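# quick one: sequence plus predicted model below, questions after.
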Amino acid sequence: MGAGVTGDGVALEQLRKRVRAGGAEKYHAANSAKGKLFARERVALLVDEGSFVEDGLYANALAEGLPADGVVTGTATIDGRQVCLMANDSTVKAGSWGARTAEKIIRIIERAYDNGVPMVYLVDSAGARITDQVELFPGRRGAGKIFWNQVRASGSIPQVCALFGPSAAGGAYIPAFCDVVAMVDGNASMYLGSDRMVEMVTGEKTTLEAMGGAKVHCAESGVGHFLCKSEAEALDVVKRYLSYLPANWTQAPPTAPAKHAPEKADLAALVPASERQAFDMRRYVRGLLDEGSFFEIQALWAKELTVGFGRLNGEVVGVVGNNSMFKGGVLFVDSADKATRFVQLCDAFNVPLLFLSDVPGFMVGSAVEKQGIIRHGAKMITAISEATVPKICVVVRKAYGAGLYAMAGPGFEPDATIALPTAKIAVMGAEAAVNAVYANKIAAIEDEAERAAFVAAKRAEYERDIDIVRLASELVIDAIVEPHELRAELVRRFAAAGGKERHFSRRRHGVTPV
Ligand SMILES: CCC(=O)SCCNC(=O)CCNC(=O)[C@H](O)C(C)(C)COP(=O)(O)OP(=O)(O)OC[C@H]1O[C@@H](n2cnc3c(N)ncnc32)[C@H](O)[C@@H]1OP(=O)(O)O
């Protein structure tokens with residue numbers, strides 16, 4: 001065999017060119033018409049220029065009927081930090097996985113895990129290549145091994161997915177096993193059965209977009225985390241996500257120069273005194289953290305709870321805050337799940353947790369009981385209990401009922417429980433409490449004025465009982481902090497908690513109420 005020439009006589013350079021070009025022109029044109037980039041263009045946009053080292057370029061290069069394999073894999077740097085990546089090429093059999101495709105994906109995840117570096121998935125795939133199923137599907141290194149590797153890597157290295165097109169059937173699990181998924185609106189979709197299959201099995205007439213489009217998953221199912229307007233935006237989300245996380249679970253998150261403009265954020269003015277008046281916790285978070293650092297995750301789903309990364313004096317923190325602008329900040333099934341996942345994410349990657357509580361408690365009623373609110377609430381409280389990273393709970397306005405527990409209240413080993421001077425901590429709000437205890441007595445008072453006076457007196461009594469200074473004097477809370485001093489207090493307290501011993505329980509793992 002001569003230099004630059006393969007066994008079947010095709011010049012190596014020509015072969016490389018052909019393989020790098022992916023599928024036939026008609027598939028490229030179809031993608032362009034939908035505003036989709038080629039897999040290699042996506043990689044080039046994501047990684048530092050000249051840093052990409054590809055593996056398995058020649059996979060399937062000699063296969064009949066295939067121009068290339070259908071996935072691009074390799075290592076690169078993003079903002080100077082090493083990553084491993086895979087990018088489906090949807091111009092080859094709709095990005096479906098043949099046997100070589102699966103092997104390449106398995107190898108790159110194994111590499112990321114072994115090297116302790118993040119794994120990036122750029123997904124646009126029809127799932128298993130049905131025509132290759134014997135080689136691909138059932139074996140020890142078949143498609144299932146992709147998921148096995150993802151599960152093994154979960155919490156060990158960051159795994160992030162940008163989804164640009166379909167992610168069908170088995171393919172839908174790749175995003176699902178990632179920490180977060182960015183979806184491009186209009187093109188990205190995830191579903192277990194295609195619209196054709198759904199109609200065949202259930203008779204339902206639907207579309208990929210209506211059943212598993214980006215809006216559905218980012219706002220309704222919670223499987224997607226970021227709804228992006230363009231592919232470039234989705235790739236930026238990947239970069240930004242990684243900028244808050246260490247390369248792996250043994251390392252600390254990367255620090256950045258501190259940026260804050262305290263004069264811009266009048267935190268006291270942001271919180272209305274009346275509990276009946278809502279305020280946007282996201283504004284509060286932005287005012288408290290380093291300027292421009294708040295990176296909200298799942299902003300469109302379960303909006304009564306806001307979660308995301310940010311920086312305090314340059315150090316990464318994970319924020320969990322109740323947002324009374326939506327459903328009064330009450331915790332529901334989805335918000336409990338949202339918190340659980342985010343707390344686990346932070347705990348896995350050494351990101352300290354800041355809880356900003358303004359919670360009336362968990363939702364009550366037959367609808368949520370049927371959805372298993374108890375199970376979901378227990379799951380959230382499990383995650384809070386098991387998290388051993390530094391945790392600080394700030395009661396911004398209120399923490400009522402099991403909401404106090406879910407927001408890392410005093411019983412959950414927080415490094416501190418802090419309250420603002422106007423905050424309230426109680427088993428429930430005054431109105432509900434008076435009604436719960438004195439309902440019979442109130443009903444028995446016939447005179448309206450007398451009844452109102454009785455209720456007011458009992459309410460005042462209750463308010464005295466839960467007075468925040470009283471709770472501080474009983475050592476329930478560690479400090480009462482003025483709003484303008486909160487940021488500095490948090491910076492000092494997180495710094496002090498940095499060397500914390502991280503061990504929770506003598507066991508293999510708990511039996512989580514999932
Ligand atoms: C672990 C279990 C699994 O994952 S089972 C996987 C099941 N997968 C599916 O049911 C998805 C079937 N495919 C689709 O629904 C569509 O192809 C999707 C993904 C929506 C893309 O549509 P579109 O962009 O219009 O492409 P297309 O349908 O014209 O296909 C282009 C060429 O690719 C092929 N293709 C597609 N999917 C597969 C597949 N899963 N296995 C094998 N080949 C597949 C099509 O046959 C088509 O090939 P050709 O252009 O006719 O040569």
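Done, it's in.
# OK, now which residue of the stretch 151-300 of the chain is nearest to the ligand?
Gly170 (2.4 Å; C-beta to the nearest ligand atom). Quick note: C-beta positions are derived from backbone N, CA and C, even for glycine.
# let me fix that, I meant to ask about the stretch 301-450 of the chain.
Arg341 (23.9 Å).
# please identify which helix or strand holds that residue.
helix 333-348 (DSSP states H and E).
# ok, and what's touching that helix?
154-156, 179, 222, 249, 297-298, 301-302, 304-305, 307, 318, 320, 331, 351-353, 362, 368, 371-373, 376-377, 379-380, 382-384, 386-389, 406 (C-beta atoms under 8 Å, 6 or more residues apart in numbering).
# next one, pLDDT for the residue of the stretch 301-450 of the chain closest to the ligand please.
Reading off the confidence values, Arg341 has pLDDT 98.
# cool, and Lys500?
Reported pLDDT for Lys500: 81.
# you'd agree it is up against Ala416?
No - judged on C-beta atoms under 8 Å, Lys500 makes no contact with Ala416 at a distance of 11.9 Å.
# and stretch 407-415, which residues are buried?
407-410, 412, 414-415 (16 or more other C-beta atoms under 10 Å).
# now for these: which two are most distant?
Met407 and Asp415 (14.1 Å; C-beta to C-beta).
# and Lys500 and Ala416? Which one has more around it.
Ala416 (20 against 14; other C-beta atoms under 10 Å).
# how close does the more buried one get to Lys398?
18 Å (C-beta to C-beta, to the nearest Å).
# please apply the same query to Leu163.
Taken as C-beta to C-beta, the span from Leu163 to Lys398 is 38 Å.
# between those two, which one's more packed in?
Leu163 (32 against 24).
# ok, Pro253 - contacts?
244-246, 315-316, 349-351.
# could I get those as TSV with secondary structure and neighbour count?
Formatted as TSV, these follow (DSSP: H, G, I helix; E, B strand; the rest coil; neighbours: other C-beta atoms under 10 Å):
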residue	secondary structure	neighbour count
Tyr244	coil	22
Leu245	coil	25
Pro246	coil	20
Glu315	strand	20
Val316	strand	25
Phe349	coil	26
Asn350	coil	20
Val351	coil	25
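# on that earlier part again, give me the spatial nearest neighbour of the residue of the stretch 151-300 of the chain closest to the ligand, chain neighbours excluded.
Gly127 (4.6 Å; C-beta to C-beta, 6 or more residues apart in numbering).
# who are the contact partners of that neighbour?
96-97, 167-172.
# do Val198 as well
Val198 touches 204, 206, 211, counting by C-beta under 8 Å, 6+ apart.
# same thing but at 6 Å, please
With C-beta atoms under 6 Å, 6 or more residues apart in numbering as the criterion, the residues that contact Val198 are 204, 206.
# quick one on the thing from earlier: near the ligand, which of the contacts of helix 333-348 show up?
Contacts with the ligand are made by none of the contacts of helix 333-348, judged by C-beta under 6 Å from any ligand atom.
# quick one, strands of the stretch 351-500 of the chain?
Using DSSP state E, counting those that start in this stretch, the strands of the stretch 351-500 of the chain run over 353-359, 391-400, 416-419, 424-426, 479-480.
# now these as a markdown table including distance to Ser324 and mean pLDDT?
Shown next, in a markdown table, are those (distance: least, C-beta to C-beta, whole Å; pLDDT from 0 to 100):
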| stretch | distance to Ser324 | mean pLDDT |
| --- | --- | --- |
| strand 353-359 | 6 | 98 |
| strand 391-400 | 8 | 97 |
| strand 416-419 | 17 | 97 |
| strand 424-426 | 14 | 94 |
| strand 479-480 | 21 | 98 |
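# and the ones you listed as JSON lines, adding distance to Ala432?
What follows is these, written out as JSON lines (distance: least, C-beta to C-beta, whole Å):
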{"stretch": "strand 353-359", "distance to Ala432": "14"}
{"stretch": "strand 391-400", "distance to Ala432": "8"}
{"stretch": "strand 416-419", "distance to Ala432": "20"}
{"stretch": "strand 424-426", "distance to Ala432": "9"}
{"stretch": "strand 479-480", "distance to Ala432": "24"}
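# just list what the helix or strand of the chain with the lowest mean pLDDT packs against, helices and strands only.
Least confident helix or strand of the chain, by mean pLDDT, DSSP states H and E, is helix 133-136 with a mean of 82. Packing partners of helix 133-136 (3 or more C-beta pairs under 6 Å, 6 or more residues apart in numbering; DSSP states H and E): helix 99-115.
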